[in-house]
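Asker: have a look at this fold, sequence not included:
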DNA sequence: TCCATTTAGTTTCATATGAAACTATATCGC
DNA sequence: GCGATATAGTTTCATATGAAACTAAATGGA
């Protein structure tokens, strides 16, 4: 790929990524939000608590790449809808453990197969080798971004 | 890749795409927004008008995958900052042609190399073959999403 | 022990966003 | 030509979002 000197949005990778991602996320979100009245942050909280019950809000934030404000709000609305339970930490009064309630678990059990099926549909245009290769590329690029932002942060301090 | 029955966010492709994209877009946006007080929609409008002056708002929307409300607002603030010019369409009174003003062009000329350099930095972790392969995969997946949403739309009507 | 600092989580406020209604112009069918 | 419909673009309104301030609990040092 030659060094470009002109910007063509259609071949600008960050832009292409952004358009693709928004369409995919949008398509998935449409499915579960219609059926369960669930926002994206709420769904992420449910997804991570389904896998790892008893996490604190901070831990949920870390695993979902959301910030603590987003998590706090999602947790509040999920609690209001009785989709989560919250129990105080025994030693640390600031911390609360979060888990899915029966209602939350029911949603989890129904949305997971839906999400996986949409993912399969999305990936079905790629052959197995291509899927592996996508996986590798995403891993490399994500790690690279980790390092890049770590470097930037260090530069600031 | 075996059919998964359990959802692991870290290996769920739509989620990985979303996290990666947000970090990349965020990193780029941070650069130009700080320097030029430019929002993402504004920058997109400038990017597309730099390439194709004289487009209408509707055409800008189409090329940037933004909706017309977003474009309308971005155009308004760019006009207010005298970064665009607007001239009425000769035949059609509803339509206006948009172009970069000298001020807008100056921003374009400065941001384009910055954006391209950040893209190169982002992609630098991949070898040339991998970059080509990323390009191919993005193209296939985007086309696939086009077809999928077209099918859904058709199903609705 | 007590003050300063850190951390978990919430609230506030200002701004961004999207859907739907609206305005103005253009086009189509008759 | 003229009413019905479609299209370009804007406005309104309700909600989502993020940054920063805030509260409460924990920790660390003198």
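Answerer: The structure has been received and is ready for your questions. Worth saying up front: this structure is predicted, and the values here are computed from it rather than measured.

Asker: now the helices: where do they sit in chain A?
Answerer: A:13-36, A:40-51, A:57-64, A:68-80, A:102-123, A:128-156 (DSSP state H).

Asker: for those, which one ends up most surrounded?
Answerer: Compared across the helices of chain A, helix A:40-51 shows the largest average neighbour count, a mean of 23 (mean count of other C-beta atoms under 10 Å in any protein chain shown). From N, CA and C alone the C-beta is placed, and that goes for glycine too.

Asker: who are the packing partners of that one?
Answerer: helix A:13-36, helix A:57-64, helix A:68-80, strand A:96-100, helix A:102-123 (3 or more C-beta pairs under 8 Å, 6 or more residues apart in numbering or on different chains; DSSP states H and E).

Asker: would a markdown table of the ones you listed with distance to residue A:146 and mean pLDDT be doable?
Answerer: Below are the helices and strands packed on helix A:40-51 laid out as a markdown table (distance: least, C-beta to C-beta, whole Å; pLDDT from 0 to 100):
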| stretch | distance to residue A:146 | mean pLDDT |
| --- | --- | --- |
| helix A:13-36 | 16 | 90 |
| helix A:57-64 | 13 | 94 |
| helix A:68-80 | 20 | 96 |
| strand A:96-100 | 26 | 96 |
| helix A:102-123 | 23 | 95 |
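
Asker: for residue B:89, find the nearest of those.
Answerer: helix A:13-36 (27.6 Å; C-beta to C-beta).

Asker: quick check: angle from that closest one to helix B:40-51?
Answerer: On the basis of axes from the mean of the first three to the mean of the last three C-alpha atoms, to 10 degrees, helix A:13-36 is oriented at 140 degrees to helix B:40-51.

Asker: does chain B sit close to helix A:13-36?
Answerer: Yes. Helix A:13-36 reaches chain B (C-beta under 8 Å from any C-beta of the partner chain) through A:13-14, A:16-25, A:27-28.

Asker: and that helix, what does it pack onto?
Answerer: So helix A:13-36, by 3+ C-beta pairs under 8 Å, 6+ apart, packs with helix A:40-51, helix A:102-123, helix B:13-36, helix B:102-123, helix B:128-156.

Asker: could I get those as JSON lines with distance to DNA strand C?
Answerer: Output for the helices and strands packed on helix A:13-36, formatted as JSON lines (distance: least, C-beta to the nearest atom of the strand, whole Å):
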{"stretch": "helix A:40-51", "distance to DNA strand C": "11"}
{"stretch": "helix A:102-123", "distance to DNA strand C": "16"}
{"stretch": "helix B:13-36", "distance to DNA strand C": "9"}
{"stretch": "helix B:102-123", "distance to DNA strand C": "17"}
{"stretch": "helix B:128-156", "distance to DNA strand C": "13"}
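
Asker: got a list of what residue A:24 touches?
Answerer: A:122, B:14, B:17-18, B:145 (C-beta atoms under 8 Å, 6 or more residues apart in numbering or on different chains).

Asker: how about a cut-off of 6 Å?
Answerer: Listed by C-beta atoms under 6 Å, 6 or more residues apart in numbering or on different chains, the contact set of residue A:24 reads A:122, B:14.

Asker: over to residue A:20?
Answerer: B:141-142.

Asker: re the thing from before, among the residues of helix A:13-36 next to chain B, find me the one that's closest to residue A:114.
Answerer: Among these, and counting by C-beta to C-beta, the member closest to residue A:114 is residue A:28, at 8.3 Å.

Asker: with adjacent residues omitted, what lies nearest to the closest one?
Answerer: residue A:118 (5.2 Å; C-beta to C-beta, 6 or more residues apart in numbering or on different chains).

Asker: so the one you found touches residue A:29, yeah?
Answerer: No. Using C-beta atoms under 6 Å, residue A:118 is not in contact with residue A:29, being 10.2 Å away.
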